[in-house]
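In: one predicted model, sequence on top.
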Amino acid sequence: MRAAVLRAPDAPFQIEDIDLGELRSDEILVRIVSSGMCHTDLILRDPSHKKDSRPMIAGHEGAGVVERVGSAVTRTRPGDHVLLSFDSCGWCSLCRTGNPAYCVQFEARNLTGTRVDATTSAVDAGGAEVVNRWFAQSSFAEYAIATERNAVVVANDLPLELLSPLGCGLQTGAGSVLNEMKLGPGQSLAVFGAGAVGLAAVMAARLSGAGDIVVVDLHDSRLALAEELGASRVVRGDAPDLIDAVKGGSSGFDFTFETTAVTKVITTAISVLRRPGKAVLVGAGAGRLDVPPALLTGRHVTMSLEGGAVPQILLPKLIEHWRAGRFPFEKLITAYPLADVNLAEADSLSGKVIKPVLVMG
């Protein structure tokens with residue numbers, strides 16, 4: 001198969017021929033149709049990230065068709081159309097109580113690029129190992145080996161070239177509103193960062209009947225789209241007296257959602273909360289939680305993984321909202337062929353596009 005391989009943090013992706021190994025009993029082989037590019041893929045370039053030194057295939061928002069299944073797989077069949085999301089063990093107390101995003105093996109299964117036993121299942125043209133289990137899929141490729149637990153079966157008539165971003169970024173944004181906040185009608189939300197994750201939160205807040213949805217970003221085009229998707233007010237992130245500008249004369253917000261992982265922005269997201277209020281952080285980066293303890297009086301701060309979602313429950317719900325025109329995430333997407341993976345990355349980092357999607361066809 002062809003895959004986009006990252007051989008060093010500061011190197012471009014290279015399109016290479018890769019051979020996949022045999023399936024284990026609990027694994028599935030998926031022919032990838034598309035894969036969203038998420039900011040989490042790009043942390044592999046961060047020197048502080050403990051990346052495996054071997055070449056790696058990134059990608060963790062895959063969508064495709066199941067080609068083969070292992071002998072122990074019972075709920076996924078060849079021919080099924082699936083969205084790929086994060087992996088979980090299924091047996092720890094958190095998985096068994098409906099919290100797979102906080103599985104005790106989350107990091108080992110998703111952030112190492114290998115199986116839990118540290119093995120891989122791919123080699124390059126020279127026979128050298130390639131790390132290919134990033135979020136138990138590594139979907140910047142024509143095929144991916146995944147597990148039954150990180151696959152969500154969807155209807156065969158759905159456009160797989162469009163749906164892949166649901167597996168992480170859109171799930172994180174929407175799930176944070178629906179699951180972590182449980183935002184109700186009339187409540188207020190301020191969103192910091194109008195990327196795919198932040199705009200998914202805006203759409204979910206609108207679905208929930210929020211009374212006031214304020215979005216903060218530095219890109220005017222993204223702020224305009226935020227208004228189109230349901231924001232009641234937008235604020236440029238470089239506005240003077242930003243806290244006052246975001247609050248807009250109100251006493252503050254019931255909830256804030258922080259996607260940038262920038263220390264100053266995190267502090268602002270907490271500062272604009274009313275009491276009681278809750279800030280949900282999701283940004284992956286080097287930012288710090290740097291606040292005086294008094295700022296936390298009556299306020300709560302949490303870091304959310306994957307929006308606290310059960311993908312097999314949330315993703316079908318988001319698809320139904322999309323079918324009904326209530327979750328128009330297609331407005332965020334720009335498609336690129338796999339060969340243009342480096343252009344997709346550059347356009348994402350510059351803010352030119354909101355959600356790049358690599359299409360394998």
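Out: Alright, I've got the coordinates.

In: what about the strands in the stretch 201-350 of the chain?
Out: Along the stretch 201-350 of the chain, counting by DSSP state E, counting those that start in this stretch, strands occupy 212-217, 233-236, 253-258, 273-281, 299-303, 333-337.

In: for residue 344, find the nearest of those.
Out: In terms of Cβ to Cβ, the element of the strands of the stretch 201-350 of the chain nearest to residue 344 is strand 333-337, at 4.2 Å. Quick note: C-beta positions are derived from backbone N, CA and C, even for glycine.

In: and of the strands of the stretch 201-350 of the chain, who's closest to residue 103?
Out: strand 299-303 (15.4 Å).

In: which strands or helices does that closest one pack on?
Out: strand 273-281 (3 or more Cβ pairs under 8 Å, 6 or more residues apart in numbering; DSSP states H and E).

In: quick one: low-confidence parts of the stretch 51-200 of the chain?
Out: 51 (pLDDT under 70).

In: for it, what spans make up the helices?
Out: Secondary structure of the stretch 51-200 of the chain by DSSP state H, counting those that start in this stretch: the helices cover 93-96, 106-110, 160-163, 169-175, 196-207.

In: kindly export stretch 184-200 (C-alpha atoms) in CSV.
Out: The C-alpha trace of stretch 184-200 is given here as CSV (Å, rounded to 0.1, in the frame of the first residue of the first chain):
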residue,chain,number,x,y,z
GLY,A,184,-28.7,23.0,28.6
PRO,A,185,-31.2,25.4,26.9
GLY,A,186,-30.5,29.0,27.7
GLN,A,187,-27.0,28.5,29.1
SER,A,188,-24.0,30.3,27.8
LEU,A,189,-20.7,29.2,26.2
ALA,A,190,-17.5,31.0,25.1
VAL,A,191,-15.3,29.1,22.6
PHE,A,192,-11.7,30.0,22.3
GLY,A,193,-10.4,28.9,18.9
ALA,A,194,-12.5,28.5,15.8
GLY,A,195,-10.9,25.5,14.3
ALA,A,196,-12.7,22.3,13.6
VAL,A,197,-12.9,21.3,17.3
GLY,A,198,-14.2,24.7,18.4
LEU,A,199,-16.7,25.0,15.6
ALA,A,200,-18.0,21.5,16.3
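
In: which residues belonging to that stretch are considered buried?
Out: Residues 187-200 are the ones in stretch 184-200 that count as buried (16 or more other Cβ atoms under 10 Å).

In: distance to residue 282 added to these, as CSV?
Out: Formatted as CSV, the buried residues of stretch 184-200 follow (distance: Cβ to Cβ, whole Å):
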residue, distance to residue 282
187, 19
188, 19
189, 14
190, 14
191, 11
192, 10
193, 9
194, 14
195, 11
196, 11
197, 6
198, 9
199, 13
200, 10
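
In: so which of these comes closest to residue 329?
Out: residue 200 (6.7 Å).

In: so the chain: which segments form each domain?
Out: Domain assignment for the chain by automatic domain parsing gives 2-167+328-359, 170-305.

In: can I assume residue 269 is in contact with residue 190?
Out: Yes - assessed by Cβ atoms under 8 Å, residue 269 is found in contact with residue 190 at 7.0 Å.
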